[in-house]
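Enquirer: have a look; sequence and predicted model below, questions after that.
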Amino acid sequence: MLFKDIRQIAITAMFSALTVVGSFIKLPSPLPTVAFDSLPGFFSALYFGPIIGAFVLGVGHIATSVISGFPLGLLHIPIALGMAFDGVVIGFLNGKRRRFFFILAIVVGILINTVLVLLVVPFLGWGFVIFFTPFLLFASTVNMLVAAIIYKQVKRRIG
């Protein structure tokens, strides 16, 4: 069983709902799917671990895609799976509970999120990827850094 109790299901649902809220806060980009939707997922992966982080990041991407009108069509499904994988990696690395792994989780999380743009190469070409990557890197970095700051503050106050 993926979730241990109803509390974990409620946390996942609450943070997934926050991704929907974040999807309405857009960041500068040629595609309307670049928003603050990843922030709750990144935080979830850091604070609650890989399983909840994976679900929230995957659902968050699909929610943003739906709200934005599915601009990449069915490509959003493998991208959402990639985002879920990102949540697993972030949660796993941060689970080591050492500063080095926390920083590594942040850097790797940003990189995985950004590298997922390669999934569109066969459909939109390298020109689009080269053009779009700086926007995605900026958005991934902002989402992750805000999530990491919130995570550190919550950990300091709650434990």
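Expert: Now that the structure is in, tell me what you want to look at.
Enquirer: all helices of this structure, in order?
Expert: 6-23, 38-48, 50-67, 76-94, 99-115, 121-157 (DSSP state H).
Enquirer: out of the ones you listed, which is the most enclosed?
Expert: helix 38-48 (a mean of 27; mean count of other CB atoms under 10 Å). (Glycine included, C-beta is placed from N, CA and C.)
Enquirer: kindly export it (C-alpha atoms) in PDB.
Expert: This file holds the C-alpha atoms of helix 38-48, laid out as PDB (Å, rounded to 0.1, in the frame of the first residue of the first chain):
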ATOM      1  CA  SER A  38       5.700  22.700  -8.900                       C
ATOM      2  CA  LEU A  39       6.300  24.500  -5.700                       C
ATOM      3  CA  PRO A  40       3.900  22.400  -3.600                       C
ATOM      4  CA  GLY A  41       5.300  19.300  -5.100                       C
ATOM      5  CA  PHE A  42       8.900  20.200  -4.500                       C
ATOM      6  CA  PHE A  43       8.000  21.100  -0.900                       C
ATOM      7  CA  SER A  44       6.100  17.800  -0.500                       C
ATOM      8  CA  ALA A  45       9.000  15.800  -1.800                       C
ATOM      9  CA  LEU A  46      11.400  17.600   0.600                       C
ATOM     10  CA  TYR A  47       9.200  17.400   3.700                       C
ATOM     11  CA  PHE A  48       7.000  14.300   3.300                       C
END
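Enquirer: what does that helix rub up against?
Expert: 8, 11-12, 15-16, 18-19, 22, 52-58, 60-61, 83, 86-88, 90-91, 94, 102, 105, 109, 113, 139-140, 143-144, 146-148, 150-151, 154-155 (CB atoms under 8 Å, 6 or more residues apart in numbering).
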